[in-house]
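*Asks:* How does the following fold in three dimensions:
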Amino acid sequence: SAIGVEPNCILWRFKNDHPQVVYLAFYSQDRDYEWPGGGQVYILDDDREYTFKTCGNQGEQVCYGAWTADGTYWGVGRNNQYGCQDCCYWCDGVATGLIRFIKG
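*Replies:* This is a model prediction of the structure:
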């Protein structure tokens, strides 16, 4: 597992290189659960590096979904609605590389 990451967690790193605000959430693929939850989203409104931690059940698969107001999306998108390549990780103490949101 990555240094300092709890065994049932994922440490995510993101950078918004898109000109618009990016909205971000994380979705469990094994149960009806999302982060931050409660209909809330994380907001990436500048180009600094953001880090988030999702902690779930050991081995749980979590995918990120991100989107802009104009319909651009990354990962599974808003409300976990799309398939994705390389946007999911397992809750086993992993840290992601830097995931960049760029204009297509």
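*Asks:* going forward, measure contacts and count neighbours with C-alpha atoms only.
*Replies:* OK.
*Asks:* residue contacts, Tyr89?
*Replies:* Neighbouring residues of Tyr89 by C-alpha atoms under 8 Å, 6 or more residues apart in numbering: Ile10, Gln61, Val62, Cys63.
*Asks:* whoops, I mixed them up, Cys87
*Replies:* Contacts of Cys87 by C-alpha under 8 Å, 6+ apart are Cys63, Tyr64, Gly75, Val76.
*Asks:* Next: Gln85.
*Replies:* Per C-alpha under 8 Å, 6+ apart, neighbours of Gln85: Gly75.
*Asks:* So which of the contacts of Tyr89 are in strands?
*Replies:* Mapping those onto strands (DSSP state E) picks out Ile10, Gln61, Val62, Cys63.
*Asks:* Could you export these as CSV, including distance to Gln81?
*Replies:* Supplementary listing: those in CSV, determined by distance: C-alpha to C-alpha, whole Å:
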residue, distance to Gln81
Ile10, 21
Gln61, 16
Val62, 14
Cys63, 11
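*Asks:* Which among these count as buried?
*Replies:* For these, a burial check counting by 16 or more other C-alpha atoms under 10 Å picks out Ile10, Gln61, Val62, Cys63.
*Asks:* what would those look like in TSV with distance to Val41 and pLDDT?
*Replies:* Below are these laid out as TSV (distance: C-alpha to C-alpha, whole Å; pLDDT from 0 to 100):
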residue	distance to Val41	pLDDT
Ile10	17	97
Gln61	19	97
Val62	15	98
Cys63	14	98
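*Asks:* quick one, what contacts the spatially most central residue of the chain?
*Replies:* The residue lying closest to the centre of the chain (C-alpha atoms, centre = their mean) is Tyr64, at 3.1 Å. Counting by C-alpha under 8 Å, 6+ apart, Tyr64 makes contact with Leu24, Ala25, Phe26, Tyr27, Gly75, Val76, Gly77, Cys87, Cys88.
*Asks:* Okay then, goodbye and thanks.
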